[in-house]
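S.K.: this one's sequence-less:
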């Protein structure tokens, strides 16, 4: 049975409470937000100060926020609990709501799975009569909570339509996932074993079923070009992906494809240079139009590294340096990311910057020297008339 608006709220069965008093049952007349989150989830961390504000704002109206950490990554429950408690002590002195811990999967079984919730953060609003009033992202709560409190939300057309849409979309996503996962598992297993023809059969099935999935499409091109070295089949596949990315006008698609052509750790000397740089030029122009350096795009630290590599190899070192510096600023401004993840991305960006400048660069406590064997500008560009093999 699907857990949705108007369903009775499930029980709260957790292993321990790390912050606040234990909650044994939902009290009639009170309103609850049950929030599923994890320390590794950037959007979850971004929502935490917001939840604290809601708790403070509506506490006199009977609101209780209950955050459930049910997805912590650790070998054992004791390790996960210790890690979580230390993380809360270090990062969340401002918290004014309860934090529950569950490592058994019971809370996911009771709440997440029957509600068809596919990821975190997910917020459940439990109404004053113990029924579910809302399931969704915590950043939607500003609009929903006042309407739940005045008693008009659950009967409204907006609430019913929103809940029906959520259920329909998640059911469709689950059906898609059920088909996609076995295909990708077969592909990754064959790829790891270097069984290229088996991997190709799997990924071609994925392309046929999910032509709008950029990951599947670029996996197809990567396999043909970088592993099988089949230029005759691979170049048309990649050129079609480039066309589709441009037609979709999506920075994510465009950047994903550009990375297949200008990744700093790949050797592209076997690719026809003219085609590679022609595709790079077209992709980079569209990315910079959609997400210019002076624009407010939030993920330049992800979208710009391949751009920088394209301009560097194309001989425009100054432009490459400028783009990586913009990417570093974007990373510094990213509020949702964990420090470990930000440091890892930052180190890669600093390495690119050091390589492009040809000198050591530093940011805060991290210094990176240029790699001695790093690609020099234009090294992979072939002169007109060079022979290129269709099948290596």
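M.R.: Received the coordinates, thanks. Fair warning: this is a prediction, and the values are worked out from it, not measured in the lab. Numbering: from 1, shown residues only.
S.K.: confirm that residue 220 sits in a helix.
M.R.: Yes: counting by DSSP: H, G, I helix; E, B strand; the rest coil, residue 220 falls inside a helix.
S.K.: in three-state terms, label the nearest residue to it once chain neighbours are set aside for me.
M.R.: Sequence neighbours aside, residue 203 is the residue nearest to residue 220 in space, at 4.9 Å (criterion: Cβ to Cβ, 6 or more residues apart in numbering). (C-beta placed from N, C-alpha, C; glycine too.) The three-state label given to residue 203 by three-state DSSP is helix.
S.K.: where does pLDDT dip in the protein?
M.R.: 336-338, 375-392 (pLDDT under 70).
S.K.: let's see it at 80
M.R.: Residue ranges of the chain with pLDDT under 80: 1, 297-298, 335-341, 373-392.
S.K.: quick one, strands of it?
M.R.: For the chain, the strands defined by DSSP state E occupy 16-19, 31-37, 63-69, 98-101, 122-126, 132-136, 361-363, 366-368.
S.K.: in CSV, list the ones you listed along with mean neighbour count and distance to residue 142.
M.R.: As requested, those are exported to CSV (neighbours: other Cβ atoms under 10 Å; distance: least, Cβ to Cβ, whole Å):
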stretch, mean neighbour count, distance to residue 142
strand 16-19, 16, 23
strand 31-37, 24, 12
strand 63-69, 24, 13
strand 98-101, 22, 21
strand 122-126, 24, 11
strand 132-136, 22, 12
strand 361-363, 16, 35
strand 366-368, 14, 37
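S.K.: want to try a markdown table for those, with distance to residue 256 as columns?
M.R.: Listed next are the strands of the chain as a markdown table, based on distance: least, Cβ to Cβ, whole Å:
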| stretch | distance to residue 256 |
| --- | --- |
| strand 16-19 | 38 |
| strand 31-37 | 28 |
| strand 63-69 | 32 |
| strand 98-101 | 36 |
| strand 122-126 | 27 |
| strand 132-136 | 28 |
| strand 361-363 | 26 |
| strand 366-368 | 25 |
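S.K.: among those, which is nearest residue 257?
M.R.: Ranking these by distance to residue 257, with Cβ to Cβ as the measure, places strand 366-368 first at 27.3 Å.
S.K.: and that closest one, what does it pack onto?
M.R.: Judged by 3 or more Cβ pairs under 8 Å, 6 or more residues apart in numbering; DSSP states H and E, the packing partners of strand 366-368 are helix 339-357, strand 361-363.
S.K.: the last one: partners in the sheet, and parallel or antiparallel?
M.R.: The reference is to strand 361-363. Counting by DSSP bridges, the strands paired with strand 361-363 are strand 366-368 (antiparallel).
S.K.: residues in contact with the strand it pairs with?
M.R.: Strand 366-368 has contacts (Cβ atoms under 8 Å, 6 or more residues apart in numbering) with 343, 346, 347, 350, 351, 353, 354, 360, 361, 362.
S.K.: and the third one, what does it touch?
M.R.: When the contact criterion is Cβ under 8 Å, 6+ apart, the partners of residue 347 are 366, 368.
S.K.: now do it against residue 362, distance only.
M.R.: In this structure, residue 347 and residue 362 are 12 Å apart, going by Cβ to Cβ, to the nearest Å.
S.K.: follow-up on the earlier one: would you format the contacts of strand 366-368 as CSV with distance to residue 68 included?
M.R.: Shown next, in CSV, are the contacts of strand 366-368 (distance: Cβ to Cβ, whole Å):
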residue, distance to residue 68
343, 28
346, 31
347, 33
350, 37
351, 39
353, 41
354, 43
360, 46
361, 42
362, 41
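S.K.: filter these down to the buried ones and hand me the PyMOL line.
M.R.: A single PyMOL command is used to select the members of the contacts of strand 366-368 judged buried by 16 or more other Cβ atoms under 10 Å:
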select buried, resi 346+350+351+353+354+361
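S.K.: closest to residue 25 among the contacts of strand 366-368?
M.R.: When the contacts of strand 366-368 are compared against residue 25 (criterion: Cβ to Cβ), the nearest one is residue 343, at 42.8 Å.
S.K.: what pairs with the nearest residue to the closest one once chain neighbours are set aside across the strands?
M.R.: In this structure, residue 343 finds its nearest non-sequential neighbour in residue 366, 7.3 Å apart by Cβ to Cβ, 6+ apart. Applying DSSP bridges to residue 366 gives these bridge partners: residue 363.
S.K.: still on that earlier bit, how much space between the residue nearest to residue 220 and residue 197?
M.R.: Counting by Cβ to Cβ, the gap from residue 203 to residue 197 is 11 Å.
S.K.: more neighbours, these two?
M.R.: residue 203 (25 against 10; other Cβ atoms under 10 Å).
S.K.: isn't that one up against residue 187?
M.R.: Yes: using Cβ atoms under 8 Å, residue 203 is in contact with residue 187, at 5.0 Å.
S.K.: mutual contacts of the two, please.
M.R.: residue 219.
S.K.: what is the neighbour count of the closest residue to residue 184 other than its chain neighbours?
M.R.: Excluding the flanking residues, the one nearest residue 184 by Cβ to Cβ, 6+ apart is residue 206, at 6.6 Å. Using other Cβ under 10 Å, residue 206 is surrounded by 21 other residues.
S.K.: ditto for the one 4 residues further on
M.R.: Using other Cβ under 10 Å, residue 210 is surrounded by 17 other residues.
S.K.: what does the one 5 residues further on give?
M.R.: The burial metric for residue 215, expressed as a neighbour count using other Cβ under 10 Å, is 12.
S.K.: what's the distance between it and residue 87?
M.R.: Distance, residue 215 to residue 87, by Cβ to Cβ: 30 Å.
S.K.: and residue 258, by the same measure?
M.R.: As judged by Cβ to Cβ, residue 258 and residue 87 stand 36 Å apart.
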